[in-house]
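J.: Pasting the sequence and the predicted coordinates here, then a few questions.
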Amino acid sequence: MARIKTLGNRVGTQGNRLATAAPGSWRAGKTTSSQRGYNYEWQKARLVHLNDNPLCVYCQREGRVTAANTVDHVIPHRGDMTLFWDRTNWMSLCGTCHSSKKQREEAQGA
């Protein structure tokens, strides 16, 4: 049986995959989620919140019962760590609602 010759690198370079945000953005200079505040302390607090609030807020509004897996900020914190850690500003969402409805609201400025 003949051996397959090496195809070589068919994928172009992807550049700097950890590029920072635009200079005017609150994320400027912060490349990792941990640097933006989503560290081990956040993971612990997130689990406590999900344990206390296990259902998706948006699905509940529509009469559905869906397990939440994401803790989202009601008012986007935009780097304000006081608002980031304000537990009254947290809500539980399922992945679908967080990925679609919530991000659409934020993009529209709601």
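T.: Cool, the structure landed. Numbering: from 1, shown residues only.
J.: out of all of them, which helix in the chain is the longest?
T.: helix 40-52 (DSSP state H).
J.: starting at the chain centroid, how far to the next helix or strand along the chain from that helix?
T.: Per DSSP states H and E, the first helix or strand lying C-terminal to helix 40-52 is helix 57-61. Relative to the centre of its chain, helix 57-61 is centred 19 Å away, using CA atoms, centre = their mean, to the nearest Å.
J.: Please identify the buried residues of the helix or strand following helix 57-61?
T.: Sequence-wise, the next helix or strand downstream of helix 57-61 (DSSP H and E) is strand 70-73. Going by neighbour count (16 or more other CB atoms under 10 Å), the buried part of strand 70-73 is Thr70, Val71, Asp72, His73. In this view, the C-beta of every residue, glycine as well, is placed from N, C-alpha and C.
J.: Can you give the distance from strand 70-73 to the centre of its chain?
T.: Taking CA atoms, centre = their mean, one finds the center of strand 70-73 at 8 Å from the center of the full chain.
J.: what does stretch 41-58 give?
T.: Here the centre of stretch 41-58 is set off from its chain's centre by 14 Å, with CA atoms, centre = their mean.
J.: Report the mean confidence score over that stretch.
T.: In this model, stretch 41-58 has a mean pLDDT of 96.
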